[in-house]
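> Build me a model:
(one chain, ligands or ions: 1)
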Amino acid sequence: MPHSIKKAVIPVAGWGTRGLPFTKEVPKEMIPILDIPAIHFVVEEAIHSGIEQIIFVTARGKSALEDYFDDSPYLIEILRKKGKHEQADFLQKIGKMCEIISVRQKEPKGLGHAILAAKNVVGNEPFGVCLADEIFPSWDPRNKSLPPLKQLTEISKSTGLSSIGVMEIDPKDSSSYGMIRMETPKFRGIYEKVLGTVEKPTPEKSPSNYAVVGRYVFQPEIMAALSEVKPGFGGEIQLTDAMDSLCSNKGLLAVDLKNERYDVGNLFQFLKAQIDFALKKPELSDKLKSYLSDRK
Ligand code: G1P
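Here you go, the predicted structure:
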């Protein structure tokens, strides 16, 4: 009987150079979409996918992330005294969202190195990985797609294999992603076997148009694979290199995600997220539409 997947690792140690100067003093994962930090959406997606324990792989200067998910009794009390019960309830909910455990990545040696830092906390069970600069708002009940991580946990539970979320991208963007190699150029069903990966190839060298987006479910053997990985692209310990060793052993599945996705480390996608989220809020939508239509 395959294990249920209750833990998710969220690497948050990165410096967020794409977000400078904002990220000079504030963790990039705290960047807000309207009034909610990006990390909130990522943790919420994990919870909606059945995750009970979040493992932050963190670093110096990132404590705002742990504080965000802490209880805030004084603030809640002040809000209640002022009769602001809705806000107080929301803060109370944040403080109880899930158990957060932090481990440190002491040197910035790459995504694979960050995941390996969580080895002892993860233990010998399958686990999810969510990259926090990508948000998928489709967990919203108004939207029909399951949260990306939930799609992966279901496939990994039924097959006993590791699975990764991928999306078809514009081929000219391949050098921003890990790109996968499959048996066919297109998906024939919901998932395909991954034959291998190439980290950030030029379009000419990309093995397909499918990019690894920031959601993964790994069987515990990924940790042994990671500990064998030598520095790869950019001199870093790459997660994709460890994934390659899964491909040549038990196997790795790619799941074709159809969800809406925003890479909030990309300025234009960050702006699109602000607009799309505002358009979904009844109290902002009409005002925003009329403001934009009045502008030349
Ligand atoms: C990382 C991974 C890459 C993946 C990407 C998804 O790259 O190394 O394989 O496609 O996340 O966002 P990064 O964006 O951290 O450079």
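> Report the contact partners of the closest residue to Ser227 other than its chain neighbours.
Excluding its sequence neighbours, the residue lying closest to Ser227 (CB to CB, 6 or more residues apart in numbering) is Leu116, at 6.3 Å. All C-beta atoms are positioned from the backbone trio N, CA, C, and that covers glycine. When contacts are counted by CB atoms under 8 Å, 6 or more residues apart in numbering, Leu116 touches Met223, Leu226, Ser227, Ile237.
> Quick check: Glu29 vs Ser156, distance?
Noted for Glu29: a distance of 25 Å to Ser156, by CB to CB, to the nearest Å.
> top of the contacts of Leu116 by neighbour count?
Leu226 (24 neighbours; other CB atoms under 10 Å).
> residue contacts, that residue?
Residues in contact with Leu226, defined by CB under 8 Å, 6+ apart, are Gly112, His113, Ile115, Leu116, Lys119, Ile237, Leu239, Ala242.
> and the helix or strand containing it, anywhere near the ligand?
Here Leu226 sits within helix 221-228, counting by DSSP states H and E. No: residues of helix 221-228 are not located near the ligand by CB under 6 Å from any ligand atom, the shortest gap being 12.8 Å.
> Now do the strands in the chain.
With DSSP state E, the ranges of strands along the chain come out as 7-11, 32-33, 36-37, 53-58, 99-104, 127-130, 134-135, 162-168, 178-181, 191-193, 196-199, 210-218, 252-256, 262-263.
> Point out the residues in the stretch 101-250 of the chain that sit beside the ligand.
111, 131, 134, 177-178, 199, 211-214, 238-240.
> Return the member of those nearest to Ala88.
Glu134 (30.4 Å; CB to CB).
> Quick one: neighbours of Lys280, just the number.
Neighbours around Lys280, by other CB under 10 Å: 14.
> I meant to write Gln219 there.
23.
> Can you tell me how far it is from His113?
Distance of Gln219 to His113, computed by CB to CB: 19 Å.
> How about Thr153?
Relative to His113, Thr153 is positioned 24 Å away (CB to CB).
> ok, now Ile275?
According to CB to CB, Ile275 and His113 sit 36 Å apart.
> So between these two, which is more surrounded?
Of the pair Ile275 and His113, His113 is the one with more neighbours under other CB under 10 Å, namely 22 against 12.
> pLDDT score for that one?
His113 carries a pLDDT value of 97.
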